Every structure is written in structure tokens, then in C-alpha cells.
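[1] I would like to see how this sequence folds:
(one chain, ligands or ions: 2)
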Amino acid sequence: MSYCGHPGLMPIEQALNAILTEVQPVTKIIEVALIHCLGKVVAQDIVSFVDVPPADNSAMDGYCLAIADLEKTVDGVLPVSQRIPAGAVPEPLTSGTAARIFTGAEIPEGADVVVMQENCSEHDGKVLLPPVLALRDNIRDQGQDILKGSVVVSKGQRLRPQELGLLASVGVGSVPVYKPLKVALLSTGDELIEPGEPARPSTIFNSNRYTLRGLLQALHFEIVDLGVVADTFEATEKALIKASNADCIISSGGVSVGEEDHVKVAIEKLGRLNLWKLAIKPGKPFAFGDVKGTPFLALPGNPVAAFATFLLLCRPYLLTKQGVGNITTPTFTLPANFSRKKAGMRQEYLRANAEVVDGKMMVNTYPNQSSGVLSSTCWGNGLVVAPIGQTIEHGQEVIFMSYSDLLY
Ligand code: AMP
Ligand code: MG
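    Ligands and ions are numbered 1, 2, ... in the order given. The predicted structure is shown next:
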């Protein structure tokens, strides 16, 4: 374990590397109807068996013709020989004529330009056209979007709405995807009661369960929710055995070394556990191991720490396990609209808000960065990374990660 500002603390990169080297991605492939494919991960390259568009078609409502035919006229007038709405199969264009055509309609054989209707006037079955036309103007070429035989979506791609549309556009009705991970979730702590129950002395409402469920749902995993596990060895052991039927287990709380922290002891009996002290804030205690061969990620109990460690460690781990090809999260450099006089011993993930200040994009931080203050996560739109041992001056460039990238 390397030194990182504070002896004995593990840098986040080292922890991430350690868990990622152990990932065994899912191999089970299922065929899923396109309509149910949002968020699924494609298991093999999808090749188009059609050109898109399938034929040259009109980008405008107007008239199509052969430019050479117009050049032969003295008055710029051609008879209109057919009407081609979208969806109609056109006849080849009669030589020396124009055809009325509409947006999306197939260009008839023999036409090499479309003139928008605003530039034409039609009377008694004849159309007056403008004198100068450019070849293939307003014609969308066959295959300009996708060529038959090309890969439209690659293996390892998570399907976003736009990929669903693209797959639909090439006529794919179902997709081979990796079977969604089944993630077992458990919350530990005798102090926890469920939202909806009446508040009682010495209790707090279980918030991690809802944050973590939401995070897992946003990533389109299946959840096996084991609810709250009491702070006893027996209850913890029983819950873990049940959880080990899933593909992966995530818990919150109970992984420190206090007498009421039973997760460590139970796992050491059922499998293997590495308890790390991460050089990050929030989120120092984090454990990784397995229960009867099922990978186990134990998050801290403090609500903001559970949120942050999920984003920084569980998310890349789970996405890799799900077969996602690229798990990098974009980062942005923005000037700080705040200052930090004290340099930290751990890398901090400050709850932040990127916004335009006097016409310039800047990033601000929530005033209370305590790991129990869940409001900080709802206030802004991302996280600022405050590196170990560094102060931050107002206006200095800092690294920002957007929740739009982290939460999907
Ligand atoms: P622990 O890691 O179990 O010592 O918990 C650390 C702190 O997080 C304590 O203040 C707990 O009450 C709190 N905590 C643990 N689990 C939850 C939870 N599911 N929801 C809200 N707070 C929690
Ligand atoms: Mg606890």
C-alpha cells in the first residue's frame, strides 16, 4: 500500500485498479426486444442489413427534374408528369417533364435535382422553374446515414435513446445483450427505520437504501433488496448467504471496526474480505471481497460517503462486470467560484454546482461538506475533485464531474 498524504490510506485509483482487476464480466447473452433495450449492454457488433436512407429521396416539398431537360426549354417551364408523396413508388421520370415531389419521397429514375416549392409556380399542369440549379440539390443520397454491412452499434455499448432509434432505423427488432446483473442490496444498522414509519426516539430513517436503489436502477440493474439487516452476527451472516445468490452484493454501513460492525466478521467466515481505508473524503471505510464466490462491495454508512463511493468504485466495477466497453467518465476543468484555505489529507469530492457566473462557466461548492449532510448531494449538479495537500484559490481551475455522466 503506497503512501498518499496520510500513511495507511489507499488512493482511490489503487482501490479501483484492485477491484477492476478482479471483475469477471457476465457472459450470459439474451435476446431482448428493442422496445425493452434501454440501458442494456450490447453483446455483439450489430451490422446493418440495409442502407439508410434505402433510396435517394427528397429533402423538400417541391419539384424534381433532370437539369438537362430544363436547359433545353426557352421559358423555364416543364409539364408536371407525376405526383410522388412519401411512401409512393415513383415511375421513372418522363423525359422533358418535372414531377411534383414531397419530403421523404423517393426520387424517380432520371431526376437529378429537387427544387423547393417556394421557388416554383405551377399553373395548368405546368411548372415554372428557376433558371440556375445545382446538380443533386435537395436530394438525400441513399446510404448517407448508414451503409449496408456497416456496424451501427458496437459490442459493449450501453443503449441510450439515440442508439435505440438508430437500431430501429436499420430495422433491428431485437438485440443480443448481456443479461442484466442482479445486485443484492443490504443496509445495516439497528438505528434504521423505514420512511413511512412513525419517527421514534433513537432512530433515523434509512436513506441509503433509497439512494443506492436509485443508483442501481439508473444503471438498469436488477435489484434483490434485502432491506435492513440487524447489527448481530447471526442476522448479518444469514442475509449474506441469501445475498450470495445474486451476481454481486452491495451493503452500506457496518464495515468499520466498531463492536457493532458485524459485516467484516461475517464475511471472513463466509468468504474473503479486504477492508481498506481509502484516501478519499467522504468515504474512508470501504471493503471488497466475496461471499461464497459472489463479489461483495461494502460501502460506508454515512449517506454522502455511500453515495460517493458508489459513484467512484461500485459504478465502474458494476459497469465493467455488465460488459460495458468504455467506463471512463468525462471530467471538465472549470474555474472555482470558491476558495479552500485548508489542504486535505484525503482527496475530497466536494458536492458542487457548475453554473454561469457573469457570463462565464464556474463551479461553486455546497457550504456544508460533512458526510452526513445529504442535502449537499441534492443541491448541485456534480462533484469537484480537491486533490490531497492542495489549497484552492478563487478562480483556480478545478476538475468537475457532472452527475449527468455519473448517474447513468
Ligand atoms: P456505520 O458505518 O454503520 O457506523 O454508519 C455510519 C453512519 O451512517 C452512522 O451515523 C449511521 O447511523 C449512518 N447510517 C448507516 N446506514 C445508514 C442508512 N442506511 N441510512 C442512513 N444513515 C445510515
Ligand atoms: Mg452501523
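
[2] can you list the residues of the stretch 51-200 of the chain near ligand 1?
    Within the stretch 51-200 of the chain, the positions lying close to ligand 1 (Cβ under 6 Å from any ligand atom) are 187-189, 191-192. C-betas here are computed from N, CA, C, even on glycine.

[3] buried ones among the residues you listed?
    With neighbours counted by 16 or more other Cβ atoms under 10 Å, those contain buried members at 187-189, 192.

[4] export those residues to TSV and tack on secondary structure and pLDDT?
    Output for those, formatted as TSV (DSSP: H, G, I helix; E, B strand; the rest coil; pLDDT from 0 to 100):
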residue	secondary structure	pLDDT
S187	strand	96
T188	strand	94
G189	coil	92
L192	strand	97
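
[5] which two from these end up farthest apart in space?
    T188 and L192 (8.1 Å; Cβ to Cβ).

[6] quick check: neighbours shared by those two?
    Among the neighbours of T188, those also in contact with L192 (Cβ atoms under 8 Å, 6 or more residues apart in numbering) are V228.

[7] where does this protein get nearest to ligand 1, which residue?
    The minimum distance from the chain to ligand 1, using Cβ to the nearest ligand atom, falls at G301 (2.3 Å).

[8] is ligand 1 within reach of the helix or strand harbouring L275?
    Using DSSP states H and E, L275 sits within strand 271-277. No: judged by Cβ under 6 Å from any ligand atom, strand 271-277 makes no contact with ligand 1; its nearest approach is 11.8 Å.

[9] pairing partners for the very next helix or strand once past that strand, with directions?
    Following strand 271-277 in sequence order, the next helix or strand is strand 280-281 (DSSP H and E). Here strand 280-281 has these sheet partners by DSSP bridges: strand 347-357 (parallel).

[10] re earlier: in TSV: the buried ones among the residues of the stretch 51-200 of the chain next to ligand 1, plus distance to I399.
    As requested, these are arranged in TSV below (distance: Cβ to Cβ, whole Å):
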residue	distance to I399
S187	31
T188	33
G189	33
L192	34
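
[11] wait, V398 sits on L383?
    No: using Cβ atoms under 8 Å, V398 is not in contact with L383, being 10.3 Å away.

[12] per-residue confidence for S169?
    What the model reports as pLDDT for S169 is 98.

[13] that one: how many residues sit nearby?
    A count of nearby residues for S169, using other Cβ atoms under 10 Å, gives 15.

[14] in the stretch 101-250 of the chain, which residue sits nearest ligand 2?
    Using Cβ to the ion, the closest approach of the stretch 101-250 of the chain to ligand 2 is made by G189 at 4.0 Å.

[15] so who does that residue touch?
    Neighbouring residues of G189 by Cβ under 8 Å, 6+ apart: 206, 228, 231, 253-254, 301.

[16] with respect to pLDDT, which of those ranks lowest?
    G254 (88).

[17] and the helices in this structure, which stretches?
    12-20, 67-72, 161-169, 208-218, 233-243, 263-270, 303-309, 315-321, 375-379, 403-406 (DSSP state H).

[18] need phi/psi at the residue lying closest to the residue of the chain closest to ligand 1 once chain neighbours are set aside.
    Leaving out its chain neighbours, the residue that sits closest to G301 by Cβ to Cβ, 6 or more residues apart in numbering is G253, at 3.0 Å. Per-residue torsions, G253: phi 80, psi 170 (degrees, to the nearest 10).

[19] identify the residues contacting G253.
    Here G253 is in contact with 187-189, 208, 299-301, 306 (criterion: Cβ under 8 Å, 6+ apart).

[20] cool, L212 as well?
    Listed by Cβ under 8 Å, 6+ apart, the contact set of L212 reads 185, 250, 252, 299, 306, 310.

[21] most surrounded residue in these?
    Top of the contacts of L212 by neighbour count (other Cβ under 10 Å): S252, with 30 neighbours.
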